[in-house]
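Colleague: Model the following, please.
(2 chains)
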Amino acid sequence: MGTLSSLIEVTQLEMRYGLTRAVQGTSFSIGPGESVGLLGLNGAGKTSTLKALLGLYPVSKGSVTVFGHGPGSVAALKKIGFAPEDGCPPDYLTGQEYLQFVASLKFRSHTVAPEVSELLNYFELDPKKSVRDYSKGMRRRLILAQALMARPELVILDEPLNGLDPLMIIKLRERLNQTTQQGSALLYSSHILSEVEKCCNRVIIMKEGRIVLDQSLEKLIQEFGSVENAFSRSVGTA
Amino acid sequence: MTFWILWKESLRYIFRSRLPLLLLVFSFFLHYVGVSAFKESNWYSNGIISVMGPREGMFVSIYLTLFMGVFLAAIYGVWMVPYFHQGERSLMTFVLPVSKWWYPLVYSLSFLLLILLEYFILFGTFTWVFGKSALLQPRFSWGAVTACLCLVFLVVHFLLYFFSAFSLLLGHMTTLFLAAGSFIALQVAGALFRLGLDHKAYQVYRWMPPLGELIFSLKNTFSQGIIPYSQFVSWTLWTVIGILFFRWLIRHPR
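Modeller: So this is what the prediction gives:
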């Protein structure tokens, strides 16, 4: 199979929830190895865009391809590590069992036991404890661990820092930088501008369902001085 | 491979919920008390005293199994199947790289195991109450019993998907009330139309799942050995409709 020039290709995407248009004519693409920060105020359409990419919600108009497949296809999902903002793993499993279950479905060809242990250690999770007994922060860490397992080609994170303590935020950043340096692409949706600045090399800012800025971090810093300035000017607040 | 991983997970969930253990205890209690009480009772009709033997006992056991099957379909369908496809958990299930068609297959086979456990309890308690000889030298037709049990499985299998789909669509509580209401309405309608009541509603009734005919079909199958082929076809069609509806509902997280 040939190498894809873009992992994600979104063209004139429109997403509707009843009469509300959450995303309006959005187009962008993400290539291999890119790490893209997706920013915007609440209701800007960030999560809806991610939902469209993963096939979690039907696309109203436009087209979305991920790894050359339609959103939500099995072939595409195999290459994606996704951590939703409001996800919850099955609570009758232990942390270790959950990671093993996800790993066995995603990466059947090789043994993942050492990687599961390494991730549990890295995210400081008790492998024998049931998810039911995990705190909110621990559940969050478990969701992040499954998203980063076996270095997926594309990592999609939706507000990954919710519920994480400062030390864990630093550890996650280190892990993400390591993952992207190894060639994975990253799509990072967040409200924490400083973290996006530290983890991403490209920034997309959305406002009222539209992309109002799509620039490399380098250019953005040259033009605005910081992600914060770019964000304030783009969304028209401050 | 995908199927085995999913099925293993489904079975692990069932075992950790303690459903098989609860089923064993509750169903054994129900069958044992029901069949024993029936065995001890005599029926007076037109001055004739009828003693209840193994043949009648097996018939009662099949009815108890139907009741337990519906109960099991409600528990598994209303609560356990939607567990993976509803709310915050549905996102995690949806992004697993598996075809969504595997889910109905996994749930059907897991449910089949639970029903087989229920059948095991049926024959176990029957043997306990009436003795081994009642099974080895039966006074009933094995063909008829098998047909009854197959029909029961088809019916509860359809109900499993009816419960699961409506639980995803309307929530647990509404589904239970809807199911109870539909069950009563179809039973009453079945009895009334059997008495010859001529009504336009019959046209609607005949296009519904033949729940109102079920009791009569089981009785005829067991006592006269008449295999209700039309019922088998009808319930198979309804089960396929139920599976397709459920599959359609899980195309996106709910």
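Colleague: Just the buried positions in the biggest helix by length in chain A, please.
Modeller: For chain A, the helix that runs over the most residues, judged by DSSP state H, is helix A:166-181. Of the residues in helix A:166-181, those with enough neighbours to count as buried (16 or more other Cβ atoms under 10 Å in any protein chain shown) are A:168, A:171-172, A:175-176, A:179-180. Yep, even glycine has a C-beta here, placed from its N, CA and C like the rest.
Colleague: likewise stretch B:12-28?
Modeller: Residues of stretch B:12-28 classed as buried under the neighbour-count rule (16+ other Cβ under 10 Å) are B:13-14, B:17, B:19, B:23, B:27.
Colleague: Could you pull out the helices in the stretch 51-200 of chain B for me?
Modeller: Secondary structure of the stretch 51-200 of chain B, counting by DSSP state H, counting those that start in this stretch: helices at B:54-74, B:87-94, B:102-130, B:132-136, B:142-170, B:172-194.
Colleague: what's the answer for chain A, then?
Modeller: For chain A, the helices defined by DSSP H occupy A:46-54, A:74-77, A:95-106, A:113-122, A:136-147, A:166-181, A:193-199, A:217-224, A:227-235.
Colleague: Remind me what the fifth one packs against, helices and strands.
Modeller: Helix A:136-147 makes packing contacts with strand A:80-83, helix A:95-106, helix A:113-122, strand A:154-158, helix A:166-181 when contacts are defined by 3 or more Cβ pairs under 8 Å, 6 or more residues apart in numbering or on different chains; DSSP states H and E.
Colleague: for the record, mean pLDDT for that helix?
Modeller: Helix A:136-147 shows a mean pLDDT of 95.
Colleague: same thing with the first one?
Modeller: Helix A:46-54 shows a mean pLDDT of 94 in the predicted model.
Colleague: where does stretch B:19-39 sit relative to the chain's centre, distance-wise?
Modeller: Stretch B:19-39 has its C-alpha centroid displaced from the chain centroid by 16 Å (Cα atoms, centre = their mean, to the nearest Å).
Colleague: can you check stretch A:90-109 too?
Modeller: Centroid displacement of stretch A:90-109 relative to its chain, using Cα atoms, centre = their mean, is 19 Å.
Colleague: which ones are touching the residue located most distally from the centre of chain B?
Modeller: Computed with Cα atoms, centre = their mean, the residue of chain B farthest from its C-alpha average is residue B:47, at 37.1 Å. Neighbour list for residue B:47: empty [criterion: Cβ atoms under 8 Å, 6 or more residues apart in numbering or on different chains].
Colleague: For it, report the pLDDT, please.
Modeller: Looking at residue B:47, its pLDDT stands at 71.
Colleague: hmm, back to that, pipe the helices and strands packed on helix A:136-147 into TSV and attach mean pLDDT and distance to chain B per row.
Modeller: Supplementary listing: those in TSV, determined by pLDDT from 0 to 100; distance: least, Cβ to the nearest Cβ, whole Å:
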stretch	mean pLDDT	distance to chain B
strand A:80-83	94	5
helix A:95-106	92	5
helix A:113-122	90	15
strand A:154-158	95	9
helix A:166-181	94	18
